[in-house]
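1. With the input below, show me the fold.
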Amino acid sequence: MADITTVNPYTGEDLQSYDYMSDKEVNDILEASHNAFLDWRLKSLDERAKIINSIGDSLIKHKEELAKMMTTERGKTYQQSLQEVDLCKAICDFTAANGPKDLADDVREIEGMDKGIVTYQPMGIIYGIQPWNYPAYQVIRYTIANLMAGNAILLKHASNVTGSGLLIEKILHDSDLPNELFRTLVISHDQSEQVIYNDYVRGVTLTGSDKAGATVAQQAASVLKKTVMELGSNDAFLVLDDADLDLAVKTCAYARLYNNGETCVAAKRFVVVDSVYDEFREKLIKEFEGYKIGDPMDEATDLGPLSMKQQVETIEKQVQESVDKGAKKTVCGQVPEGSKGNFFPPVILEDVKPGQPAYDDELFGPAVALIRAKDTDDAMRIANDSRYGLGGGIFTKDEDKAIELAKTYFDTGMVNINGYGLVNPGLPFGGVKNSGYGREHGGSGMKEFVNEKSLFVINKSPV
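-> Next comes the predicted model:
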């Protein structure tokens, strides 16, 4: 029996079976990856940037193939899969354009020296453990930044998107990048732990749940290796009394339901001040009901199936437990009749309080907590009353007030103001509290796994 069998979440049919690599295969890959790094680190920043541009070109060359694979394996709509590949290309473009200057030596005037130099040198192999919700983007996000920095990359992808992980390897190998600088490992959790412990691996990055992050961070810490963790969240989007409600409703619905609601930085709690709560609620129900649920390959579909049957069972349990503890449920939309897919229609939960999963935990799917706040101060209190701190949002016509609230009071790594940006290569991405640590994008990701080395250029006798 195969170790992994991928399943189409829309049809329920088996797609492909895979066996884990042997320990010898893994060790051979580690050895080859390290040797490739020894050459790659000597390439100039401009040479690396040219090769990263070629990766972007290869992604576009294989755009439809990769998008179809992602939709088939994890159920996101084909149109959104195409958008994901475009985002990956944008990451390549940004990194190639900005990497050479962001990673250039920083020469400083230092008293008592001729000069001081801060140089950003690569470390070795960076090992990424990545989830299934954005099968290409999550991989490209850490891969391109670290290739620019001069590191080599290993990937352990989520098992249900094994085909996507192997296709991404093929796409990178179809570029000008030396093959051994990016390899996909098809391995077990036990084998993954041994990869973390391997001396050639110098850094570990994980995107996933806070539970998974804690486990992997402990494994890496036991051998004193740096980690970057992008974990779960329960993002609050605040709707204040002077907000443009039509804009807020459309944006909040999109921010909750995009990618079938399976997004770490999705809007998961709508915190609405009392004076506009009822009107917002009425408009939101109509907006949710307008989303079409169906075949993810159909261009008219807004919501496809969740990635796995287990995901449906998890969110059903969370919603029911919230209702059992006092929440009120409104179901918006219907599952296609006779479907075998892992569908879950959009759900709005009200009367959400601490102690309910909808308040305390991350609902990874198309269900949202709609929470009434007394005023702006109360809305901000509710927003920060979470163990998570990845993103959030504020809707108000007073932009200066929104910026001040976001800067000073919102305890998250990112805040949207009067809109929703899933991610932008030009701005840092990451969170605080149980949402993890470290940053990707915006130039920050290129310096997470480098040796920030100081050179003391003195040229004078100490006496």
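2. center of the chain - which residue?
-> Nearest to the mean C-alpha position of the chain, by Cα atoms, centre = their mean, lies Gln138 at 5.4 Å.
3. Could I get the contacting residues of it?
-> With contact taken as Cβ atoms under 8 Å, 6 or more residues apart in numbering, Gln138 is in contact with Gln130, Pro131, Thr207. (Glycine included, C-beta is placed from N, CA and C.)
4. Adding neighbour count and secondary structure, write these out as CSV.
-> Below are these laid out as CSV (neighbours: other Cβ atoms under 10 Å; DSSP: H, G, I helix; E, B strand; the rest coil):
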residue, neighbour count, secondary structure
Gln130, 28, strand
Pro131, 23, coil
Thr207, 26, strand
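5. From these, pick the one nearest Asp23.
-> For those, the residue nearest Asp23 by Cβ to Cβ is Gln130; the value is 21.6 Å.
6. can you pull up the bridge partners for that closest one?
-> His157 (DSSP bridges).
7. ok, it to Val118 distance?
-> 31 Å (Cβ to Cβ, to the nearest Å).
8. same deal with Lys101?
-> Using Cβ to Cβ, which is the criterion applied here, Lys101 is 14 Å from Val118.
9. the more surrounded of those two?
-> Val118 (12 against 9; other Cβ atoms under 10 Å).
10. show me where the stretch 1-150 of the chain has strands.
-> 4-7, 14-18, 106-108, 115-122, 125-130 (DSSP state E, counting those that start in this stretch).
11. Single out the most deeply packed of the ones you listed.
-> Highest mean neighbour count of these: strand 125-130, a mean of 26 (counted as mean count of other Cβ atoms under 10 Å).
12. about what we covered before: how about the strands of the stretch 1-150 of the chain in a markdown table, adding distance to Arg256 and mean pLDDT?
-> A markdown table is the format used below for those (distance: least, Cβ to Cβ, whole Å; pLDDT from 0 to 100):
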| stretch | distance to Arg256 | mean pLDDT |
| --- | --- | --- |
| strand 4-7 | 26 | 98 |
| strand 14-18 | 28 | 98 |
| strand 106-108 | 42 | 97 |
| strand 115-122 | 39 | 98 |
| strand 125-130 | 23 | 98 |
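13. Among these, which comes closest to Leu240?
-> Among these, strand 125-130 sits nearest to Leu240 (Cβ to Cβ), with 36.2 Å.
14. which helices and strands does the closest one pack with?
-> Contact here means 3 or more Cβ pairs under 8 Å, 6 or more residues apart in numbering; DSSP states H and E; on that basis strand 125-130 packs against helix 23-40, helix 137-149, strand 152-157, helix 189-197, strand 201-207.
15. Tell me how far Gly430 lies from Gln130.
-> From Gly430 across to Gln130, the span is 15 Å (Cβ to Cβ).
16. Stretch 50-62 - what's its average pLDDT?
-> Averaged over stretch 50-62, pLDDT sits at 98.
17. And the contacts of that stretch?
-> 43, 66, 85, 88-89, 92-93, 95-96, 99, 136, 140, 144, 147-148, 167, 170-172, 174-177.
18. From these, list just the buried residues.
-> 43, 66, 85, 88-89, 92, 95-96, 99, 136, 140, 144, 147-148, 167, 171-172, 174-175, 177 (16 or more other Cβ atoms under 10 Å).
19. Of those, which belong to helices?
-> 66, 85, 88-89, 92, 95-96, 99, 140, 144, 147-148, 167, 171-172 (DSSP state H).
20. Mind picking the two most distant members of those?
-> Gly99 and Leu167, at 25.0 Å, using Cβ to Cβ across those.
21. Could you check how far Lys328 is from Val272?
-> From Lys328 to Val272 the distance is 15 Å (Cβ to Cβ).
22. What of Asp174?
-> Distance from Asp174 to Val272, by Cβ to Cβ: 48 Å.
23. for Thr412, helix, strand, or coil?
-> coil (DSSP: H, G, I helix; E, B strand; the rest coil).
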